[in-house]
Structure formats: structure tokens, C-alpha cells
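K.L.:
okay, sequence plus prediction incoming.
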Amino acid sequence: MTDKSVYIQVNDLGFSYPDGTEALKEINFEVIEGEFIALIGQNGSGKTTLSKCLNGLYKPTSGDIVVDGLNTKEGTIVQMVKRVGYVFQNPDHQLFNNTCWDEVAYGPRNIELSEDEVKERVDEALIVVGLPEHLYGEHPFFLSKGLRQRVAIASILALRPKVIIVDEPTTGQDIKQSLEIMDFLKNLNEEHGHTVIIITHDMPIVGLYARRVIAMAQARIMADGPTREVFTKADILEKTFLAPPQITQLAQADPSLGFDPGILTVDEMVEQFKGLAK
Amino acid sequence: MTSVIEIKDYTWKYLHTKAPALNGINLMIEEGSFVGIIGPNGAGKTTLAYSIDGLVPGQYNGIKKGTVNVFGKEVEAYGTGELQQVVGVVFSDPEAQFTAMTVEDELVFGMENIGLTIQEIRERLEWVTELTGLGDLLLKPPYEISGGQKQRVALAAVLAMKPKLLILDEPTSMLDPVSRKKIFEVLRILKTEEDNTIVVIEHSLENLVPLADQMILMSDSEIILQDNTSDFFKESGLLLEKGVHPPGALHFFHELSRQGLYDGDYPLTVEQGKNLLRQITQ
């Protein structure tokens, strides 16, 4: 494939909850180091369950997941959190300490690092997420949702996982905040070498940031490929109850007009319009 | 037409904040209209919704100036629970409004509290379950279902009380595109068949724009733009400056217009956009 190596290998993964609900069926894919992936699909299609399998929180009912040479069935929590970090959809589900600093220190302390190392990692993570220093001692619940989300991400970053999964990073954010968070994740991906997987329903965001899309429906993967390619597969998208961004829909609306059906942004559409108008 | 909401020179400051959350608000919303409120987080949208439902000043300490009239009567003049029978609010965080152990009890709770007969409750339960597609979930605990399903339960619980004025605060923030469309389809039915007045606060505009008669832009505690939907988006430059992105098709035509490549109305749907593209490329 490329010169980069496979970091996660998922083979015939199946997962059932104790009540018998089959949440994942016959899942197969690879994650290459350095990818930026959007995991999309209808509510209840299995996206969050899959993420929790990837970081070893859930063990496969059948099949295997190997992360950096380690089978998640055998990996200890300490081994797994260093490989794959998962940021909850609702930051309030994971924040429980009295200060932002302690919140971020909680993970590193749990994997029994020395206090010096903990301090170094916490300071580093808080700088990366851009939390203003005067807020380090603040209670997380006094921060805005956007800042709470940053604290939640910092608490995962402090464990230095190679892969970061962020569940609905832009829910409840306005466009400006959404773009800020996504630019931040892009920076983690491009400048800090993290592999980023986002779970989202925001198709314009997928079009702007993700280089690869994995679309799920009814516990299975229905499509997996470069974003542009997946968004042109109208029949499959319909099955996954998804639709491409509106600008892509406009580009596809009348093929005789000559627009590339894989257009992902307004700017691309304007450029093509100029080309076609000549 | 009579106005359902009439707000005059209204300013509200929460007790422990320095700046007012709402400043010099003037707003008239007519019966049966469908209004979209947009703007960045922190602009005051939710506080405005609370003010119309009486939660502000009822449940919060603060300083109020001006008047907020709902159905011709000042909000504070309503007796306890009286205003909530005509105004329904669906919160952005569905868990904030859940109280019961099953979805069915959740839907019935409000209806019991406004004293409906068992027969009436049965009929409305059936109606609202069908309308929002919750049939399979009735016996499940609300905290065990997915985020998107929770939002549908929250909406259904409020709809069941048939409020004449319905306010929805980011009702689809956790939903996938198809479920999102379904919620707006429910709202379309309420608008066309039930004659409700509907106010929707949203960041995602694709589904809102084709339905809204009127749009309002809030920023820094004030209403800075208010117009019928197609005229409203003529100000797309201002919207973008305030961090609001118009739907893709509309945004594209605005960009063409800004670059001097197009001069005409903006499309509100993909279909309208397609037709306009056909016209200008011929």
C-alpha cells in the first residue's frame, strides 16, 4: 500500500451485547498510521460500539482486532489506552475531577507514571488543546461545551495514544466552534502524527476534513474508501440512510451540467463553475 | 393575523453575569408562522426561548426590563403551569427533560399532568408514537436508547401536549441526516395540518430553510437581522461574518454573486439550485 504501516487490523469482527443484540457483524478493515477517517452511519448503526471495540473497552464476540501487534482480547487496559484513545460524545460523561488540570492528570496517574512525568504530559496536552492557562485550576463544569470538549480531548492526549477517536466532536457547537475543533484535530493529525477517527453526522465537515469515509448501517460496513468516492455512491448512501453534503448533492443534481459528482466544498464548486463557463 | 409573541424593548441580565444575556429585543411572531433562529453559541438564543416559556424570569434570578407578551398576556401574569399548557419547549439536551423509567411513561407524564382523560391520553399516545416512529421503543428506559432516539422522545413528549406554540432548541443536533429529515417532516406536518406556531433554534440550516417563513439572526445578545427567509439570505455576507454558514447550494450562489458571476435570487433547496444552474449555464 503506502510506506506507512498498518496500525489497526480488524478481522471478521462480531460483537453482541449481553441481551443478545448483534451490534457488529462481519467487520473487516485496516487503519494505516496517519489516516484521517470519518466513521458515519445512522443512529444505532454500530459506530460507537465499534469505537469501543477498537480501544479494547469491549472484547470481540467473534473475530479479532489487532492494534500495533497486540490482540485487544489480550491487551491490558494500560496497554490499550496507550494505543487508542476514545473521547466521549458528551464530554460531561467523562469529566469528574475538580480542576481541569486534575482531570487531564487522572489518566497518566492511573497508568502509574511518576508525578514528574504526569506534570510534563498534562502541561503538554493542555498546551496542545489550547486551554488558556488561567483555566487550569477551574472546575471543568464552569467552562463552555467547546472548552470542556478540549479538556476531554487533552485527558486522552495525555496518555499519548497513536489513534484518537472523537465521538461527534461538533455536536452542539456553532459553525465557528466546529471549524476550530476540526482544525485542531487536523493539526493533531498533520503536525503531531496522530491517526484521527471522527464519528459524525455532519456531512459538510466530513467533506472538508476526512480523507477516508467508513459508512455503517445495521451493524455492518456498507462503504469504505476515499471521501470523494464514497459520496458519489448514491445507492449505497441511501442504504446507510446518509446523504452527501448539500453542495455535493447540487453537483450531482443534473449530470448533463458537467460538474464532477465528487465535489466536496463550495469553493471547489465555484472553481469548476468558472472552468465550465469558459 | 394575531401575534402569538410580542416582545418590546426586552433586556434580561442573569444575576451573576456582568453583561445582559438579551439586550433591547423587539420581536413579533404571528400565529401559524414558522420561524428559524440562528446565530453563534452564546448569542442568547436559548435565553430567548426560556423567556417565551416563562422559565426566565420564573426559574432564574436576574433583572428584567421591557415586556414579553405571549398570547396577548405578559409571561409573569400566567399562573403556575398555565403558560406551559400553550407553550411547549423541546430542550437541546433531551436528558434534561426526562423523568420516567420507560419511553411510554415519559410520553404520558406531561399529558397526565395537564389532566387529560385516559381516553384522550391513549389517542394522543398513538398519534405521537406513529408520527415520531417510536413504536418499538415504548417499553425501553429512556436512558438506554441512542442519542438520536432520545431527541425523538423529547420531541414526542412535548408534542403530545399539543402546545399551540412550539419552541425547539437544536432538536436535531445528535441526529443522522435521515432522522434529521424525519424530524423536520414532522414539523412540516404540524405547520401545514395542525396550524401550530413553531420556533426552531438550529445550527444546521439545510432542513430549516425550506420550511421557515421568517429567519432571525442573533449575535451578542441582540437580534441583528430579521426578515422573510429569501430576503434574509440576501445578507449572506453578514451571516458568514457572524460564523453562520448558509446551506451549500445557497452558499454557492452567494459566492458566485460575490464574485460578480451571478445576479439573482438564491435557492433554498437543492432542487431550486439545480433549476437555477440550468438557467445560467444555458
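P.N.:
Looks like it came in fine.
K.L.:
so what touches stretch B:237-247?
P.N.:
Contact with stretch B:237-247 is made by A:174-176, A:204, A:246, B:38-40, B:205-206, B:209, B:217, B:219, B:224-225, B:233, B:236, B:251, B:254, B:258, B:266, B:268, as judged by C-beta atoms under 8 Å, 6 or more residues apart in numbering or on different chains. From N, CA and C alone the C-beta is placed, and that goes for glycine too.
K.L.:
list the buried ones in it?
P.N.:
Buried positions in stretch B:237-247, judged by neighbour count with 16 or more other C-beta atoms under 10 Å in any protein chain shown: B:Leu239, B:Leu240, B:Lys242, B:Gly243, B:Val244, B:His245, B:Pro246, B:Pro247.
K.L.:
inside strands: which ones of those residues?
P.N.:
Counting by DSSP state E, no part of these is found in strands.
K.L.:
of the residues you listed, closest to chain A?
P.N.:
Nearest to chain A, judged by C-beta to the nearest C-beta, of the buried residues of stretch B:237-247 is B:Gly243 at 3.5 Å.
K.L.:
now that closest one: how far from B:Asn23?
P.N.:
Using C-beta to C-beta, to the nearest Å, one gets 19 Å for the distance from B:Gly243 to B:Asn23.
K.L.:
just the buried residues of the contacts of stretch B:237-247.
P.N.:
The buried subset of these (16+ other C-beta under 10 Å) comprises A:174-175, A:204, A:246, B:38-40, B:205-206, B:209, B:217, B:219, B:225, B:233, B:236, B:251, B:254, B:266, B:268.
K.L.:
in terms of helices and strands, where is the closest residue to chain A within the stretch 51-200 of chain B?
P.N.:
Nearest to chain A in the stretch 51-200 of chain B, going by C-beta to the nearest C-beta, is B:Gly148, at a distance of 3.2 Å. Take DSSP states H and E as the rule and B:Gly148 turns out to sit in helix B:147-159.
K.L.:
just the contacts of stretch B:237-247: which are in strands?
P.N.:
B:Ile38, B:Leu217, B:Ser219, B:Ile224, B:Leu225.
K.L.:
tally of neighbours for the nearest residue to A:Leu113 once chain neighbours are set aside?
P.N.:
Among residues not flanking A:Leu113 along the chain, A:Arg121 sits closest, at 7.2 Å (C-beta to C-beta, 6 or more residues apart in numbering or on different chains). Residues near A:Arg121, counting by other C-beta atoms under 10 Å in any protein chain shown, number 20.
K.L.:
show residues contacting the strand or helix carrying A:Arg121.
P.N.:
According to DSSP H and E, A:Arg121 maps onto helix A:115-129. For helix A:115-129, the surrounding residues in contact (C-beta under 8 Å, 6+ apart) are A:100-101, A:104-105, A:108-109, A:113, A:133, A:136, A:150-151, A:153-155, A:157-160, A:184, A:188, A:192.
K.L.:
just the buried members of the residues you listed?
P.N.:
Looks like the contacts of helix A:115-129 have A:100-101, A:104-105, A:108, A:113, A:136, A:150-151, A:153-155, A:157-160, A:184, A:188 buried, using 16+ other C-beta under 10 Å.
K.L.:
burial check on B:Met101, number of neighbours?
P.N.:
By other C-beta under 10 Å, the residues close to B:Met101 number 12.
K.L.:
and the gap between the closest residue to it other than its chain neighbours and B:Ala100?
P.N.:
Leaving aside its chain neighbours, B:Met101 sits nearest to B:Pro141 (5.7 Å; criterion: C-beta to C-beta, 6+ apart). Distance of B:Pro141 to B:Ala100, computed by C-beta to C-beta: 9 Å.
K.L.:
before we move on, what about B:Gln282?
P.N.:
From B:Gln282 to B:Ala100 the distance is 58 Å (C-beta to C-beta).
K.L.:
which one of the two has more residues nearby?
P.N.:
Each of B:Gln282 and B:Ala100 has its neighbours counted (other C-beta under 10 Å); B:Ala100 has more, 15 against 6.
K.L.:
quick check: closest non-adjacent residue to the more buried one.
P.N.:
B:Glu106 (4.2 Å).
K.L.:
what's the strand or helix carrying that neighbour packed up against?
P.N.:
Assigned by DSSP H and E, B:Glu106 belongs to helix B:103-113. Here helix B:103-113 touches helix B:118-132, helix B:147-159, going by 3 or more C-beta pairs under 8 Å, 6 or more residues apart in numbering or on different chains; DSSP states H and E.
K.L.:
mean pLDDT for those: which is lowest?
P.N.:
Among those, helix B:147-159 carries the lowest mean pLDDT, a mean of 88.
K.L.:
list the contacts for the spatially closest residue to A:Pro204 that is not a sequence neighbour?
P.N.:
Of all residues not flanking A:Pro204 in the chain, A:Pro245 sits nearest, at 4.4 Å (C-beta to C-beta, 6+ apart). Going by C-beta under 8 Å, 6+ apart, A:Pro245 touches A:Met203, A:Pro204, A:Val206, A:Gly207, A:Phe231, A:Leu264, B:Gly248.
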